[in-house]
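Enquirer: Test case, fold it:
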Amino acid sequence: LQKLYDSGLTCEKIAEQLGSSKATVSKWLGVHQINTRPPNSYERKIKRISKEENTLYEYIKSIYSEDIIQSNRSVLNGKELDIYIPNHNLAIEYNGLYSHLYRPHESNESLIKGKSYHLKKTLGCSEKGIQLLQFYSDEWLFKTDIVKSIISSKLNLNQKIYARKCEKVILSTHEKNEFLNQNHIQGEDKSKIKLGLKYDDELVCVMTFCKSRFNNNYEWELSRFSNKIGLNVIGGFSKLLKWFQSEYNGNIVSYADRRYSNGNVYSKNKFEVVRINSPSYYYVDKNCMKRYNRMMFQKKLIGAYDCTEYEKAKELGFNKIYDCGTICYGLNF
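Expert: Okay, here's the model as predicted:
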C-alpha cells in the first residue's frame, strides 16, 4: 500500500488496482499511519479555464515551443498556477476581476481573496526560484500588446537593440505621454524630466523622473521606465540613469510592482532595497470591467461621513481587488 501510494496514485486509482473501494483504501492508509497528501495536490481531471485566460495561453503557445503547463498544482503544493513554463522558471496568473474580488464573508482564503492572497503566490514561487507574473483581466483585454511584450521579454524573445547605438533625446510632454500609453502597463505619468533613446530616429526607450512623492528622504522619484513593445534596449536603463545623474543632483527612489517585476534591473544598477510595501488595492466597478485607483475613493471624495471608505464604495457598486505590493528601492550618489 505504501509503495502504491508513494508512486503518486490516488486512493481511487489504488482501489481500482486492488479491486477494492476508495473508502477501504483510505481506511487502511490511516491504519498503517501512511501520511496522505492534501486533495489539492493532484492535478484536476476537469479544468475550467475561461475563454480569456485561454487566449493568453494560446498566445504563449504561438511564440514558444517548449513545455507550457496549464493549471499546475504541484509547484505550490496544491495552490494552482494558471500557466507554468518550467524551462524558464516562469509562471503566469490570469486574475479575472470578478473571480479575484475581495469577499470577506467567504469561509476560506482561496474564496476570500484577501490582502495577502496574491502576494503569497508570488512569494511561494520565488522561494522555488520561479518568477510569477500576475495580470488582471482588464490589462489583458485593454493592454494586450503590452502584456504580450512583457511575457515575450521574460522568455527572451523580444528583439534586442543596444543602447550604445541609440541617440539620447529630451522629450516633450506629448511625446512622453504617447509613448508611455502605448508601451507601459501603467500608462502616462506627471513627470517633469523626460529622457529618451532613439534608434534610427525611432523612440525606443523612455525614463521619467518627478520629485519624490512618498518618501521625504529622497529628492527624486524614478517614475517610469519603458522599452518600446517587442524590443529590449540592452543597457537602456543604465544609459538613461547615468544621463540623469550627470545633469541633476540628489538621490533617487523608485518602486517595483511585484505583480510583474522582481526588481533585478534596480539591483543591477546599484539601487538598494529601502523597504517592502505591503499589498494595496484597487476598486472594481460592478460590471468587473475596469479597476480604479483607490485614491479616487477617499472618504471625503465619496461622501463616506458615517461609514468606512469600503462600506461606501460597496454602496456605490464597487469592490476591492488586492495587488502584491511594491518593493521600494533607493539610490544615493
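
Enquirer: Any figure for the gap between S99 and Y281?
Expert: S99 is 16 Å from Y281, where distance means CB to CB, to the nearest Å. The C-beta positions use only the backbone N, C-alpha and C, and glycine is treated the same way.

Enquirer: out of these two, which sits in the more crowded spot?
Expert: Applying other CB atoms under 10 Å to S99 and Y281 shows that Y281 carries more neighbours, namely 17 against 14.

Enquirer: roughly how far apart are the more buried one and I83?
Expert: For Y281, the distance to I83 equals 24 Å [CB to CB].

Enquirer: Check E219 too.
Expert: As it turns out, when the distance is counted by CB to CB, E219 lies 41 Å from I83.

Enquirer: swap in Y102?
Expert: As defined by CB to CB, Y102 lies at a distance of 24 Å from I83.

Enquirer: okay, the two: which has more neighbours?
Expert: Set side by side, Y102 and I83 give different neighbour counts by other CB under 10 Å, the larger being at I83 (22 against 18).

Enquirer: next one: phi and psi at that one?
Expert: With angles defined as degrees, to the nearest 10, I83 shows backbone torsions of phi -140, psi 130.

Enquirer: try S99
Expert: Backbone dihedrals for S99, given as degrees, to the nearest 10, come out at phi -70, psi -20.

Enquirer: What of the one 3 residues further on?
Expert: When read as degrees, to the nearest 10, the backbone of Y102 gives phi -70, psi 120.

Enquirer: That one contacts Y322, doesn't it?
Expert: Yes. Contact status for Y102 versus Y322: in contact at 6.4 Å, counting by CB atoms under 8 Å.

Enquirer: what touches both of those two?
Expert: A shared contact of Y102 and Y322, defined by CB atoms under 8 Å, 6 or more residues apart in numbering, is any residue touching both; here these are K113, G114, Y281.

Enquirer: I'd like to check which residues are in contact with the first one.
Expert: Yep, that's K113 we're talking about. When contacts are counted by CB under 8 Å, 6+ apart, K113 touches H100, L101, Y102, R103, I321, Y322.

Enquirer: The second one now?
Expert: Contacts were defined as CB under 8 Å, 6+ apart; by that measure G114 touches Y102, P104, Y322.

Enquirer: what's the closest non-adjacent residue to the first one?
Expert: Right, the one you point to is Y102. On the basis of CB to CB, 6 or more residues apart in numbering, the spatially nearest residue to Y102 that is not a chain neighbour turns out to be K320, at 4.0 Å.

Enquirer: what lines up beside the helix or strand containing that neighbour in the sheet?
Expert: With the criterion set as DSSP states H and E, the secondary-structure element containing K320 is strand 319-322. Using DSSP bridges, the strands paired with strand 319-322 are strand 281-284 (antiparallel).

Enquirer: Can you list the buried residues in the helix or strand following the partner strand?
Expert: The C-terminal neighbour of strand 281-284 among helices and strands, as given by DSSP H and E, is strand 291-293. When neighbours are counted by 16 or more other CB atoms under 10 Å, the buried residues of strand 291-293 are found to be R291.

Enquirer: all strands in the stretch 151-300 of the chain, in order from the N-terminus.
Expert: Secondary structure of the stretch 151-300 of the chain, counting by DSSP state E, counting those that start in this stretch: strands at 159-162, 167-170, 193-199, 202-211, 220-227, 231-234, 252-257, 272-277, 281-284, 291-293.

Enquirer: Enumerate every residue touching the closest residue to T36 other than its chain neighbours.
Expert: Distances taken as CB to CB, 6+ apart place L29 nearest to T36, at 5.8 Å, with adjacent residues excluded. Taking CB under 8 Å, 6+ apart as the contact definition, L29 lies against L1, Y5, C11, T36.
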